[in-house]
Each structure stands twice: as C-alpha cells, then as structure tokens.
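Participant: below is the sequence, then the predicted model.
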Number of protein chains: 2
Amino acid sequence: MPRTVDAAERRRQIAEAVWRVIRRDGVPGASVRAVAREAGTSMGSLRHWFATQDELLHFAMTLVVERARARGEAAASAGGPLVARLLRVLEETLPLDDERQAETEVWLALTARALVDPRLAELRDRSAAELHAFCGDVVRVLTEAGEARSGLDLDLEAERLYAVLDGLAVHAVSRPTALPADRARQVLAAHLDSLRDTG
Amino acid sequence: MPRTVDAAERRRQIAEAVWRVIRRDGVPGASVRAVAREAGTSMGSLRHWFATQDELLHFAMTLVVERARARGEAAASAGGPLVARLLRVLEETLPLDDERQAETEVWLALTARALVDPRLAELRDRSAAELHAFCGDVVRVLTEAGEARSGLDLDLEAERLYAVLDGLAVHAVSRPTALPADRARQVLAAHLDSLRDTG
DNA sequence: AAGAAAGTAGCACAATCGTGCTAGGAAGGG
DNA sequence: CCCTTCCTAGCACGATTGTGCTACTTTCTT
C-alpha cells in the first residue's frame, strides 16, 4: 500500500476552501482554479478528489447542512429548560457568529443557485424539509408541555416559525448592520414567546 | 433627427429578457449573448443600451423593485377595510402568481449576488430599507387604529413581520410544492391577525 | 436630395472556463 | 532493493466569456 491520506478530511479541507472563495467572490468566483489556489493545491489534485465542479459545489453545500445539523443536535441534547433548549437549536441556523455567518452566506448563495441546478435543489429540499419538520416538532412539543397557547393551528405555526427563521437568516446575513446578531436572536425569542400563554 | 425609439421602453424590454434568461438558466446563464438572443436582437445593439453586463443586471433588478413598489402603491390606494388593504400591499411581495414568482426568483438570485457585488448591494439595501420601513408603518397604523394588541414592541414587531414576509417569499419560490401560494398568503394573514386583540 | 444622427449588427481579441489527459513523486509491502 | 498504488501536478484543448471596435441601415431634418 502506498501513501494514504485521510480522504474525508482532505475533502473537508477543500470544501472549506470553497466556502472561503464563495464568501469572497461569490459562487461565480468559485472556479476550479480559484478553489485549488485557495486550498493551496493544484488543479489536478483537486480533480482527484472531485471529478467535476458540480460535485465540488454539491459537497460544499452538503457540509454546510451537516454542520448545522450537528450543532443543532448538540444543542438539543444539552441541558436546561425545554423552551430555552429549543430556542438554542433554532438559533444554530442563524448567522450569530463568524462560522455561522459564513455558512449562511454559502447557504444563501447555493439556495439561489438551486433554482436552476437540480442536484442542489434536491439537497436543499431535503434539508429544508428537515428544518421545517423540526419547526413542527417545536410547536408540538411546546403544546404538549403546556407551554403554548391553546387553539394553535400547529401546521400553520410551524410554517410561520420556519418563515421567521429563514427570514431572519436572510436579513441578518445580507444586512448585518440593520439586523445585528443579538437583535435577530431577540426577535426569534420573542416569536417563540408569542406562542406561549400570555398572548 | 434620425429614427428614435422609446429608450425607456427598449431598456424595459431587454430587462424582461434578462428575467426570462435568469429564470431559465440562473444568473450565471445571463450572458450578454444569451440575453441578446432572448431579446431577439444583437450583441452590438444590446451594448448600445447597456454598456456593461453589470449595468444590465443592475437595471434588471431596479425594474423588479420598481414594479413591486408600483403594485404596492396601487394596492395601498385601493378601497376596502384598513387591515385588508395593508395585507394586500404586503402580499404584493409574495410570489402569488406567475409574474410575482418570476420577480421573486430574480430577487432571490440577485440578493445572493449582492453579497459580493457592491452595486447590487446598494440597491438591495435601499429596497430592503423601504420594505422594512413599511412593515414598521403597518404595525404602527394597526396600533393607532386600535386594531392591534396593546403593549406591542413596535420595532420588534416590524422586524418580525419583515422576517415572516421574506421567509415566506423564499420558501414559496424555492419549494412551491411545499408552500403553495394560497398557503403563504394564509400564513401571512394569520401573522397579521396575531397582532390583533384576541391573542 | 443630402447629410447627420440613432440604432443595429457582429467580428476580433484576450481572458477564463471545465475537464481530459499524461507524467512525476512519494511511501509502504514484497 | 523494487514495484505497486495513491496522490499531485499541470499542460492542452475547445468552448464561452465580456467588451472594444467598425461598418451598415434606417429615418428625420434641412
């Protein structure tokens, strides 16, 4: 057996180079050559790990989704009161620090591109469905725990919460001055609170 | 004086060709040649009206914003009860029919591109500030008309309404099956209703 | 009729793109 | 030692890009 590198790790490093390029120059700037340069490697080597550019972009977005999910699961299994814990999970999708801001920027760029790229669209649909379902879980859990107003339309509230979440993400990432991180967190918390007993 | 065409009309026609291309092939597909072909004209003629590609994209987005604003103003000056009228204005930013869906797709694509294009960013900021301000107006007007709950945090509610609005727009345009037009309208109406007396 | 102005057409050029391809280097098993 | 295999490197090709530029057509004024 010849020299072997950690394939998953190598692909992850390259995907992070993709993020840096996308943040700096947008998706159109993420050419094979630019990514190779950013990753400190050659075109040939890059093509050894990703056969095509589509595969590269697809993997970069997959990693964004997986990271957000991992953070969400970590927050979900942490301690604390129920409502606060749910809030923490939801907050993991907001651009509240540099890392999450980078991910949200990439997410937005690739969501736009997914409008015309079926492969990205499929990935976006899967992750969107997941987050949407989780919003439904939040509303349901709050209701069952007696933490929510009675008479809520569960499906509608899930949809509304999901809209608030992505709306805040878009605004916070595209106009961080108009909507600073703390403010976004505050609005999300207020929304959850509005589902509770005292209207 | 030689032959003269309506310059504004000509530029508008070309901008609409840009939209059609963007909807079909995304912003990356909106090359000068593709737009010229779609507009049924030549590269040279196109360049007579728009010196650079940036100018072309910028104008195409300007037109999206102006159209939405025009529809909003029309809805605002229409008749009917106050709350219903405000709802109609807000609905003008949702992809509720083909025309508005096209505009929302272009809006999303260009919002993403604005992350790395300062000229588009400036335009996006102006229109975002306008819509944000209008959300503030809605909350304020509802309050002054006695149609809103007392004790509302006006700034926060403006932010939340604005988030619901763009969140619904993003979801309706990127996953129309998961969030059909009527459902988006329903959620928005429910949100406005939640600001009213009976929590 | 003639000329000037406005619009149209599209070639030419350099740059950049994604990817097919071959060759060199590195490292562990025999 | 050598040889197999993984990885890296980067040239080459055809296609496409934005834009500079010139030539042609059309139409109104004088």
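Facilitator: Done, it's in. Numbers count the residues shown, from 1 in each chain, chains lettered A, B, ... in the order given.
Participant: and the lowest-mean-pLDDT helix or strand in chain A, does that touch DNA strand C?
Facilitator: Least confident helix or strand, chain A: helix A:98-113 with a mean of 92, by mean pLDDT, DSSP states H and E. No: Helix A:98-113 is not in contact with DNA strand C by CB under 7 Å from any atom of the strand; minimum separation 12.6 Å. (C-beta placed from N, C-alpha, C; glycine too.)
Participant: for residue A:138, which residues are in contact?
Facilitator: Counting by CB atoms under 8 Å, 6 or more residues apart in numbering or on different chains, residue A:138 touches A:86, A:89-90, A:158, A:161, A:192.
Participant: let's go with 6 Å and repeat that
Facilitator: Taking CB atoms under 6 Å, 6 or more residues apart in numbering or on different chains, we find residue A:138 in contact with residue A:86.
Participant: and what of the one 10 residues further on?
Facilitator: With CB under 6 Å, 6+ apart as the criterion, the residues that contact residue A:148 are A:142, A:195.
Participant: per-residue confidence for it?
Facilitator: Looking at residue A:148, its pLDDT stands at 91.
Participant: for it, phi and psi?
Facilitator: Backbone torsions for residue A:148, taken as degrees, to the nearest 10, come to phi -110, psi 160.
Participant: phi first, then psi, for the closest residue to DNA strand D within chain A.
Facilitator: Of chain A, the residue with the smallest distance to DNA strand D, taken as CB to the nearest atom of the strand, is residue A:44 at 1.9 Å. Torsion angles at residue A:44 (phi, psi; degrees, to the nearest 10) stand at phi -60, psi -40.
Participant: residues touching it, list them.
Facilitator: Residue A:44 neighbours (CB under 6 Å, 6+ apart): none.
Participant: residue A:13 versus that one, what's the distance?
Facilitator: For residue A:44, the distance to residue A:13 (CB to CB, to the nearest Å) stands at 16 Å.
Participant: and if you look at residue A:79?
Facilitator: Relative to residue A:13, residue A:79 is positioned 33 Å away (CB to CB).
Participant: do residue A:137 as well
Facilitator: Going from residue A:137 to residue A:13 by CB to CB gives 34 Å.
Participant: now swap in residue A:47 and tell me
Facilitator: Separation of residue A:47 from residue A:13 (CB to CB): 15 Å.
Participant: which parts of chain A are helices?
Facilitator: Counting by DSSP state H, chain A has helices at residues A:7-25, A:32-39, A:43-49, A:53-76, A:82-91, A:98-113, A:118-144, A:154-174, A:181-194.
Participant: for chain A, which residues are neighbours of chain B?
Facilitator: Contact residues, chain A versus chain B (CB under 6 Å from any CB of the partner chain): A:25-26, A:28, A:105, A:108-109, A:112, A:115-116, A:128, A:156, A:159-160, A:163-164, A:166-168, A:170, A:175, A:187, A:190-191, A:199.
Participant: of those residues, just the buried ones, PyMOL syntax please.
Facilitator: Those of the residues of chain A next to chain B that count as buried under 16 or more other CB atoms under 10 Å in any protein chain shown are selected in PyMOL with:
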select buried, chain A and resi 26+105+108+109+112+115+116+128+156+159+160+163+164+166+167+168+170+175+187+191
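Participant: which residues does residue A:101 contact?
Facilitator: Counting by CB under 6 Å, 6+ apart, residue A:101 touches residue A:95.
Participant: mind redoing it with 7 Å?
Facilitator: A:95, A:173 (CB atoms under 7 Å, 6 or more residues apart in numbering or on different chains).
Participant: phi, psi of residue A:79?
Facilitator: When quoted as degrees, to the nearest 10, the phi and psi of residue A:79 stand at phi -80, psi -170.
Participant: would you mind measuring from it to residue A:85?
Facilitator: Counting by CB to CB, the gap from residue A:79 to residue A:85 is 8 Å.
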